[in-house]
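In: I'd like to go over a predicted model; first the sequence, then the structure.
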Amino acid sequence: MKRRIFSLLLTMILMLSVAGCSSSKVEGTDAASTEPAAEAPADASKTEATDALKIGLAIQTLGNQVWAQQMDAIQTEAEKDGNKVTVVECNGNANTQISQLENFITSGVDLLIVNPVDPDAIESVCAQAREAGIKVIAWDEEMENTDINWIIKNYDLGAVIGEEAAKFINEKFDGGKCEVAVLGYPQTPILLERENGILDKIAELAPNAVVVANQPAINPTEGLDAMETILQAHPDVKVVCSIGGGGAAGANEAFKGFYGDKVPDNVGVFSTDLTDETIASMQNGEFNRMCVAITGNAYVCGQEVYDIAVRLAGGQAFDQNIYRELIPVTIDNLDDMITN
């Protein structure tokens, strides 16, 4: 009898113990419910941070106005979408650019856009990025270890600049005899291609024109300094061909200082990159006579490459090489270009 009572007491104690353990596992819920507890909703800010696209953008220099405007356009578009773009400049130093790309990889970006100083030097680090699952877009260079090369046929671009300058020379000068200056940038291979296109086309289409000076200039300050020096040595230079908008802006200012309020109709600057300064020069009747827009104005360019980047990150397939459109712009079609 005692054993039976003891056994019943022990059974009751065990049952109470099990019930106590069960209730501790569903604390905060209805103990009678047999459904598992629902997970708490994720914090909204964490969800946004997880979904947001992180883009690392390595540019050669922000001292070039057109590049700076393109970066502004990209960051503006990214902010609208809740994405994050981090822009860095290496100021023409390939080793600095390699370190910047390595830092982007370490930080876990989803996509890299790089405007290479030396494409061969960054092939390896771009390969590392892709191995880590990061998409890579090369801006203005044809590379191997990329998903997309967003590129210009740079020799062809230079040829368009040279062709438009040659038309002007043949129209304005008897027998096409004219002194010409070229503002190039041979430190960068693609810009040397562009320069060669300019020189070849002038030689072909305006054979009596003479290139009396060739100076490097990538931004307005360098363009101004180079042209002031050139005009001191060669005051009869009437036509300037520049590989970029920065040099062209400087050349325009140098001519303004040289001629004062007068703008002779046989003096002109021919370039690429439809910058704000080039637009203002054309609208004000100054010295910029023609500019080759690449894809469109600077803001259109930024918007387009950002759109490509987002679609690439989202899984859309592209050809590796995407070639950009070359559009000669003069005062005649300027309004159409700047309203796009």
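Out: Alright, I've got the coordinates.
In: measure Thr61 to Asn83 for me?
Out: Distance, Thr61 to Asn83, using Cβ to Cβ, to the nearest Å: 24 Å. In this view, the C-beta of every residue, glycine as well, is placed from N, C-alpha and C.
In: just want to know which of these two has more residues nearby.
Out: Asn83 (21 against 17; other Cβ atoms under 10 Å).
In: nearest residue to the more buried one in space, please, no chain neighbours.
Out: Nearest residue to Asn83 in three dimensions, chain neighbours excluded: Leu53, at 4.1 Å (Cβ to Cβ, 6 or more residues apart in numbering).
In: show me where this protein has its helices.
Out: 2-25, 44-51, 65-81, 94-107, 119-131, 154-172, 189-205, 220-233, 245-259, 276-283, 298-313, 334-338 (DSSP state H).
In: neighbours of Gly108, how many?
Out: For Gly108, using other Cβ under 10 Å, the count is 11.
In: please name the residues that touch the nearest residue to it once chain neighbours are set aside.
Out: Leaving aside its sequence neighbours, Gly108 sits nearest to Lys54 (Cβ to Cβ, 6+ apart; 7.0 Å). Contact partners of Lys54, counting by Cβ atoms under 8 Å, 6 or more residues apart in numbering, are 83-84, 86, 107-111.
In: show me what Lys54 bridges to in the sheet.
Out: Lys84 (DSSP bridges).
In: before we move on, what about Leu112?
Out: Gly56, Val136.
In: give me the neighbour count for the closest residue to Val239 other than its chain neighbours.
Out: Leaving aside its sequence neighbours, Val239 sits nearest to Val180 (Cβ to Cβ, 6+ apart; 4.7 Å). When neighbours are defined as other Cβ under 10 Å, Val180 has 25 of them.
In: over to Asp225?
Out: Asp225, neighbours per other Cβ under 10 Å, totals 14.
In: thought it was touching Gly250?
Out: Yes: between Asp225 and Gly250 there is a contact at 7.2 Å, judged by Cβ atoms under 8 Å.
In: what do the two both touch?
Out: Ala217.
In: wait, doesn't the residue nearest to Asn83 sit right on Arg311?
Out: No: when contacts are counted by Cβ under 8 Å, Leu53 is not listed as touching Arg311 (11.0 Å).
In: show me the contacts for Leu62.
Out: By Cβ under 8 Å, 6+ apart, Leu62 lies in contact with 68, 71, 87, 89.
In: how about those in TSV, adding pLDDT and distance to Trp139?
Out: Converted to TSV, the contacts of Leu62 look like this (pLDDT from 0 to 100; distance: Cβ to Cβ, whole Å):
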residue	pLDDT	distance to Trp139
Ala68	91	14
Met71	95	11
Val87	97	12
Glu89	97	13
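In: which of these lies closest to Gly133?
Out: Checking the contacts of Leu62 against Gly133 with Cβ to Cβ, the nearest one is Val87 at 21.9 Å.
In: the closest one and Thr61 touch, don't they?
Out: No: between Val87 and Thr61 there is no contact under Cβ under 8 Å: 11.3 Å.
In: let me see the contact set for Phe287.
Out: Contacts of Phe287 (Cβ under 8 Å, 6+ apart): 251-252, 255-256, 263, 267-269, 281.
In: kindly report the same for Asn115.
Out: Counting by Cβ under 8 Å, 6+ apart, Asn115 has contacts 58-60, 67, 139-141.
In: hmm, try it at 7 Å
Out: 58-60, 139-140 (Cβ atoms under 7 Å, 6 or more residues apart in numbering).
In: before we move on, what about Pro119?
Out: With contacts defined as Cβ under 7 Å, 6+ apart, the neighbours of Pro119 are 138, 141, 143.
In: separation between the last one and Gly260?
Out: Summarising the geometry, the distance separating Met143 from Gly260, computed by Cβ to Cβ, is 47 Å.
In: got it, and Ile327?
Out: 32 Å.
In: quick one: which of those two has more around it?
Out: Applying other Cβ under 10 Å to Ile327 and Gly260 shows that Ile327 carries more neighbours, namely 18 against 8.
In: I'd say the more buried one and Ala293 touch.
Out: Yes: between Ile327 and Ala293 there is a contact under Cβ atoms under 7 Å: 4.4 Å.
In: what comes up buried for stretch 67-81?
Out: Buried residues in stretch 67-81, counted by 16 or more other Cβ atoms under 10 Å: 67-71, 73-75, 77-78.
In: cool, stretch 242-261 as well?
Out: So stretch 242-261, judged by 16+ other Cβ under 10 Å, has buried residues 242-256, 258.
In: related to what we said a few turns ago, need the helices of the chain in JSON lines (columns: distance to Gln320).
Out: Shown next, in JSON lines, are these (distance: least, Cβ to Cβ, whole Å):
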{"stretch": "helix 2-25", "distance to Gln320": "56"}
{"stretch": "helix 44-51", "distance to Gln320": "27"}
{"stretch": "helix 65-81", "distance to Gln320": "21"}
{"stretch": "helix 94-107", "distance to Gln320": "19"}
{"stretch": "helix 119-131", "distance to Gln320": "12"}
{"stretch": "helix 154-172", "distance to Gln320": "17"}
{"stretch": "helix 189-205", "distance to Gln320": "17"}
{"stretch": "helix 220-233", "distance to Gln320": "33"}
{"stretch": "helix 245-259", "distance to Gln320": "28"}
{"stretch": "helix 276-283", "distance to Gln320": "31"}
{"stretch": "helix 298-313", "distance to Gln320": "11"}
{"stretch": "helix 334-338", "distance to Gln320": "29"}
